[in-house]
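Undergrad: Structure for this input, please:
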Amino acid sequence: MNELRKIRVLLAEDSRSQREAISWVIGNAPYLELVGEAANGAEAVDMVEQLQPDIVLMDCHMPVMDGIEATRVIMGRCPVPIVVTSATFDVNDVHPGLEALHEGALAIVPKPLDPAAENFDRLAEELCLTLKLMADVKVVRRLPPRRSAANPRPPRETAERPADRPAPVREAREIRIVAVGASTGGPPVVLDILRRLGPRLDVPMLLVQHMSPGFIVGFASWLTRGSGLPVEVAAANVVAAPGRVYVAPEGHHLGIDRRGRLTLDDGPPENGFRPSVSCLFRSVADAFGREALAILLTGMGQDGAEGLAYVGQKGGVTAAQDKDSSVVFGMPAAAIRMGAAQRVLAPPDIAKFVVAQLARRRHLS
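TA: Below is the predicted model:
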């Protein structure tokens, strides 16, 4: 994005009072420009085609066409970065914004509505910064999913591999834990991988997903409903059970000790994040060494790259998502440049790779 030009924002919000509040927030950001306001999803679709904004700020609950359907239509017809926002939600429920992420939205943030609220400035800053960052994401048209081919192609390694290839995956090992890290674009990819793994995931999986505060509990529930696997927010001192997925809670680094007990740490952020993917990967590597499998998915920045390299140094297995399937090829690219990824794969092939590693463990045991 040209730094001299303001980022052109289209706001889709059915509540007049909320439109006014959010318009005020956007108008006070020196790098943002509000170019249009839609009162429902159908208007948003039309205005995206007419105004060609740099980014859309989309409410979920709207008449005529809700934000989820509007996101699906926009991403299939005239793709543009979309950030979903919400005013009220139950942190224990599956938020509809997560379905919008599945349809192609990039992020979900809470609405800053009450200037008298203690957290108003923080929420306003988070919303504006998210719009600024997501406006630079290059999105593509999302086509309706196709049925799997009768003979799917084998897992491929993409051309992003550096000249100095990392050491190949050693054959004789017993994978006892899987660690996954993701950021922008991660939720639907994680869901897709879990769906493909299903009951074949017979070891614990630990997951760090960068997400705005207030949504992580609903995210875990969303993964459970969508995948059929038990997914829960991690708690300290819980023994990680086979076949269960543990999501890092807000504001805490997630780890695990040699006894298989989960650990939570509220130490300083790493790479700008708490929880940090690299913190998780290092902990898993220290506890399980060559029996660990770490996977780094789509995301902005470089969190997880050094941690993935550390897993490899400890003898573990590593993989990163490829460029073509990544919404933001930041974190995986950083790992690939370091030679930290032993495999560079698309999500369906990542799932196959995990299954193959776990099958090898069962064969060896």
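Undergrad: Helices along the protein, start to end?
TA: Under the criterion DSSP state H, the chain carries helices at the ranges 16-27, 41-51, 67-77, 96-102, 120-134, 186-197, 216-227, 277-288, 305-313, 331-337, 347-364.
Undergrad: which parts of the fifth one are buried?
TA: With burial defined by 16 or more other CB atoms under 10 Å, the residues of helix 120-134 counted as buried are Leu123, Ala124, Glu126, Leu127, Cys128, Thr130, Leu131, Lys132, Leu133, Met134. Quick note: C-beta positions are derived from backbone N, CA and C, even for glycine.
Undergrad: name the helices or strands packed onto it?
TA: If you count contacts as 3 or more CB pairs under 8 Å, 6 or more residues apart in numbering; DSSP states H and E, helix 120-134 packs onto strand 7-12, helix 16-27, strand 32-38, strand 55-59, strand 82-86, strand 107-110.
Undergrad: Domain-wise, how is this protein divided?
TA: According to automatic domain parsing, the chain comprises the domains 7-134, 177-364.
Undergrad: Tell me how far stretch 19-31 lies from the chain's centre.
TA: 26 Å (CA atoms, centre = their mean, to the nearest Å).
Undergrad: same check, this time on stretch 267-283
TA: 15 Å.
Undergrad: Test my guess that Leu51 contacts Gly36.
TA: Yes: with contact defined as CB atoms under 8 Å, Leu51 and Gly36 form a contacting pair (5.1 Å).
Undergrad: which residues are in contact with both of the two?
TA: Any residue near both Leu51 and Gly36 by CB atoms under 8 Å, 6 or more residues apart in numbering counts here, and that gives Leu10.
Undergrad: Settle it for me: which of the two has more neighbours?
TA: Under the neighbour definition other CB atoms under 10 Å, Leu51 and Gly36 were set side by side, and Gly36 has more, 18 against 15.
Undergrad: who does the more buried one bridge with?
TA: Listed by DSSP bridges, the beta-bridge partners for Gly36 are Leu10.
Undergrad: separation between it and Val84?
TA: Using CB to CB, to the nearest Å, we find Gly36 at a distance of 17 Å from Val84.
Undergrad: Is it possible to get a markdown table of the helices of the chain that adds distance to Gly267 and mean pLDDT?
TA: Formatted as a markdown table, the entries for the helices of the chain read as follows, by distance: least, CB to CB, whole Å; pLDDT from 0 to 100:
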| stretch | distance to Gly267 | mean pLDDT |
| --- | --- | --- |
| helix 16-27 | 32 | 94 |
| helix 41-51 | 41 | 98 |
| helix 67-77 | 36 | 96 |
| helix 96-102 | 28 | 87 |
| helix 120-134 | 21 | 93 |
| helix 186-197 | 23 | 97 |
| helix 216-227 | 18 | 94 |
| helix 277-288 | 8 | 98 |
| helix 305-313 | 15 | 98 |
| helix 331-337 | 20 | 97 |
| helix 347-364 | 29 | 85 |
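Undergrad: Nearest to Gly251, out of these?
TA: helix 216-227 (9.6 Å; CB to CB).
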